[in-house]
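Q: Turn this into a structure:
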Amino acid sequence: MKLPCASLAGLILTAAALGAAPASPQDAPPDPAALKKSCDKGAAADCHVLGTAHYRGEGVARDLSKAAGFLKKACGGGHAAGCLALAEMQLVGEGVGRDANRAVALFQQACDLGAAEGCHRVGALYSAGGQVPVDLGRAAAAFEKACDAGSVAGCSGLARMYEEGTPFPKDMARAAELFDRACEGGDGEACGRLGGFHRGGTGASKDPAKAAALFAQGCASGSAAACYELALSHQTGRGTAKDLSLAATLFTQACEGGEPRACHGLALFHRDGVAVAKDTRRAVELLKKACEGKAAGGCYELAVLTEAGRGLRRDVAQAAHLYRESCSGGDARGCVSLGALYEDATRGVAADPIRAVALYEEACAAGNVLGCSRLAPMYERGSPMVTDLVKARAYYKMGCDAGIAADCYSLGRYYHRGMSIPRDMPLTVQLYQRACAGGVGPACHELALFHEVGEGGLRRDRARMNELFKQACAAGDTRACGRVKRGP
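A: Coordinates of the predicted model:
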């Protein structure tokens, strides 16, 4: 689980991290000699002030080594802010050797002295890993202590652990409670996360209006992710007024704030000319930004434009790479499209049906019914795998149930002809009717034949037969067109 960590400058130079109150214009600058004398006598607060002065170069020469020395004394004297500041220096190697383990120990010391930020930093380091080995148990304990001490970041970190189910069982209600605490404390990201819970009714009451209000609160608090979610709410009109112009403004704000999904959303507006000027080249620029930010949907849409040569030079090899990025990022459409490239050698990529099958299976497992649908005929014809009509029928059923009319026709053939299953004419008729209504010409043709002889529980009806032959012909069935030419 990755959590945002504050920069060194953001932590060591703030009054909160160093425990220094902002000086007023009337305050006299501290006397370094007096501070040193007081520090040497054990006044930890003065050691901290002097260490801060040397770190900043205020009133004394900037000297990171001396700063670290005085902060060490402050920390040793029980001054939590001194421990925090020294930990930050230790983490990046300023004035002291770089030592992440020592930094964690100092953050823990600050935590034990009552500094909630110290507890949060311990949790963040152990949860992110990299600088120290991942230890989610210690991270959770630290986040909980930070949250109890008033750290909104600690509450948010603990909430994400309950949301993800690591290192303890997933508990969405507990996550929602913690996000609520963090949101009330001014954490815009937490407001956005809580809004998502209310939008979907996960861990909290399903309330689109409340979700939109939380997104607005998070956006106002500086969360680009919350601005993106608010844009979606205005785009769809879920929980708030539908306002595409405002959605475009929010997408822009969130994109500029570093939310790649918002760049994707704005790109689609420019691609289609929705609430903004239609500008394919601008859409391409935004999709590149989205894809570089690991927004899988952005990679997919950029791949589509790249394959088609819209707004940029056509490059099928690059499109294939982008489809792979999209697929790996969790957008199963990319898996299907890349599989289609490998299945059809005429589209500019060397045929590789084995890879196509693997990609379709990946998409199908991820819930993309098009991947399932594309697997069905491959199992039916036994290429490139061994023929398996039971699997083919199962995949056709998935596609049909999801509304793919062609799959309803293919599934109907199994029941019509008794392929791997007993014949079932009433079910055949139902499936052909669904397929015909969806514009599948052969299905309309079969139904016409049924009406011609009174098969499948359908009565003989030449008028209906002729209607269906015409419908089949219009859908491209040449056999039906021949019957239409012959007349009633």
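Q: ok, how many other residues are close to residue 288?
A: Applying other CB atoms under 10 Å, we find 17 residues neighbouring residue 288. C-betas here are computed from N, CA, C, even on glycine.
Q: Check the gap between it and residue 315 for me.
A: 13 Å (CB to CB, to the nearest Å).
Q: Helices of the stretch 101-250 of the chain, residue ranges please.
A: 116-128, 136-148, 152-164, 172-184, 188-200, 208-220, 224-236, 244-256 (DSSP state H, counting those that start in this stretch).
Q: my guess is residue 364 meets residue 375, correct?
A: Yes: the pair formed by residue 364 and residue 375 meets the contact definition of CB atoms under 8 Å, at 6.2 Å.
Q: any residues in contact with both of the two?
A: Counting by CB atoms under 8 Å, 6 or more residues apart in numbering, the contacts common to residue 364 and residue 375 are residue 395.
Q: circling back: of the helices of the stretch 101-250 of the chain, which is nearest residue 469?
A: Within those, the stretch nearest residue 469 is helix 224-236; the backing value is 42.5 Å (CB to CB).
Q: so that closest one versus helix 172-184, what angle?
A: 110 degrees (axes from the mean of the first three to the mean of the last three CA atoms, to 10 degrees).
Q: Quick one: mean pLDDT over helix 224-236.
A: Averaged over helix 224-236, pLDDT sits at 98.
Q: pLDDT averaged over stretch 213-220 - what is it?
A: Stretch 213-220 comes out at a mean pLDDT of 98.
Q: Make 795 the first number, not 1, from now on.
A: Shifting the count to begin at 795 puts that one at stretch 1007-1014.
Q: that older thread, what about the helices of the stretch 895-1044 of the chain, which gets the closest to residue 1240?
A: Among those, the nearest to residue 1240 by CB to CB is helix 1018-1030 (40.0 Å).
Q: so what secondary structure elements neighbour that closest one?
A: For helix 1018-1030, the packing partners by 3 or more CB pairs under 8 Å, 6 or more residues apart in numbering; DSSP states H and E come out as helix 982-994, helix 1002-1014, helix 1038-1050, helix 1054-1066.
Q: Switch those over to a markdown table; also include mean neighbour count.
A: Listed next are the helices and strands packed on helix 1018-1030 as a markdown table, based on neighbours: other CB atoms under 10 Å:
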| stretch | mean neighbour count |
| --- | --- |
| helix 982-994 | 25 |
| helix 1002-1014 | 22 |
| helix 1038-1050 | 20 |
| helix 1054-1066 | 24 |
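Q: Save these as a markdown table, and put in distance to residue 1257 too.
A: Shown next, in a markdown table, are the helices and strands packed on helix 1018-1030 (distance: least, CB to CB, whole Å):
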| stretch | distance to residue 1257 |
| --- | --- |
| helix 982-994 | 50 |
| helix 1002-1014 | 49 |
| helix 1038-1050 | 48 |
| helix 1054-1066 | 44 |
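Q: tell me the domain ranges of the protein?
A: Domain ranges of the chain: 980-1049, 1210-1282, per automatic domain parsing.
Q: now, of these, which is deepest in the fold?
A: Mean neighbours per residue, mean count of other CB atoms under 10 Å, is largest over these for domain 980-1049, with a mean of 21.
Q: For stretch 924-932, buried residues please.
A: 925, 926, 929, 930, 932 (16 or more other CB atoms under 10 Å).
Q: Give me the contact list for it.
A: Contacts to stretch 924-932, defined as CB under 8 Å, 6+ apart, come from residues 795, 885, 894-895, 897-898, 916-917, 919-922, 955, 960-961.
Q: Average pLDDT for it, rounded please.
A: On average, stretch 924-932 scores 95.
Q: Please apply the same query to stretch 1242-1262.
A: The average of the pLDDT scores along stretch 1242-1262 is 95.
Q: Could you tell me the end-to-end distance of it?
A: Counting by CA to CA, to the nearest Å, the length from the leading to the trailing residue of stretch 1242-1262 is 5 Å.
Q: Equivalent analysis for stretch 949-968, please.
A: Start-to-end span of stretch 949-968 (CA to CA) is 11 Å.
Q: Skipping its backbone neighbours, what lies nearest residue 1087 in space?
A: With sequence-adjacent residues excluded and distances taken as CB to CB, 6 or more residues apart in numbering, residue 1087 is closest to residue 1054, at 2.7 Å.
Q: Make a markdown table from the buried residues of stretch 924-932 and add distance to residue 909 to it.
A: As requested, these are exported to a markdown table (distance: CB to CB, whole Å):
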| residue | distance to residue 909 |
| --- | --- |
| 925 | 20 |
| 926 | 19 |
| 929 | 20 |
| 930 | 22 |
| 932 | 17 |
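Q: with those residues in mind, which one is nearest to residue 1025?
A: residue 930 (33.1 Å).
Q: For that closest one, give its distance to residue 994.
A: Separation of residue 930 from residue 994 (CB to CB): 25 Å.
Q: list the contacts for the residue sitting nearest the centre point of the chain?
A: In the chain, the centroid-proximal residue (CA atoms, centre = their mean) is residue 1089; its distance is 6.9 Å. Residue 1089 is in contact with 1054, 1055, 1057, 1058, 1123, counting by CB under 8 Å, 6+ apart.
Q: what's the pLDDT at it?
A: So residue 1089 comes in at 98 (pLDDT).
Q: Over to the one 10 residues further on?
A: The score at residue 1099 is 98. That number is its pLDDT.
Q: cool, residue 802 as well?
A: On the pLDDT scale, residue 802 gets 38.
Q: Need the nearest residue in space to residue 842, chain neighbours excluded.
A: residue 868 (3.8 Å).
Q: Please apply the same query to residue 1023.
A: Nearest one to residue 1023, counting by CB to CB, 6+ apart, is residue 1009 at 4.4 Å.
Q: is it true that the one you found touches residue 1028?
A: No: counting by CB under 8 Å, residue 1009 does not reach residue 1028; the two are 9.5 Å apart.
Q: Ok, which of the helices and strands packed on helix 1018-1030 comes nearest residue 1196?
A: The nearest among the helices and strands packed on helix 1018-1030, by CB to CB, is helix 982-994 at 21.2 Å.
Q: before we move on, back to that, can you put the helices of the stretch 895-1044 of the chain in TSV and add distance to residue 1151?
A: Shown next, in TSV, are those (distance: least, CB to CB, whole Å):
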stretch	distance to residue 1151
helix 910-922	37
helix 930-942	37
helix 946-958	32
helix 966-978	36
helix 982-994	33
helix 1002-1014	40
helix 1018-1030	35
helix 1038-1050	37
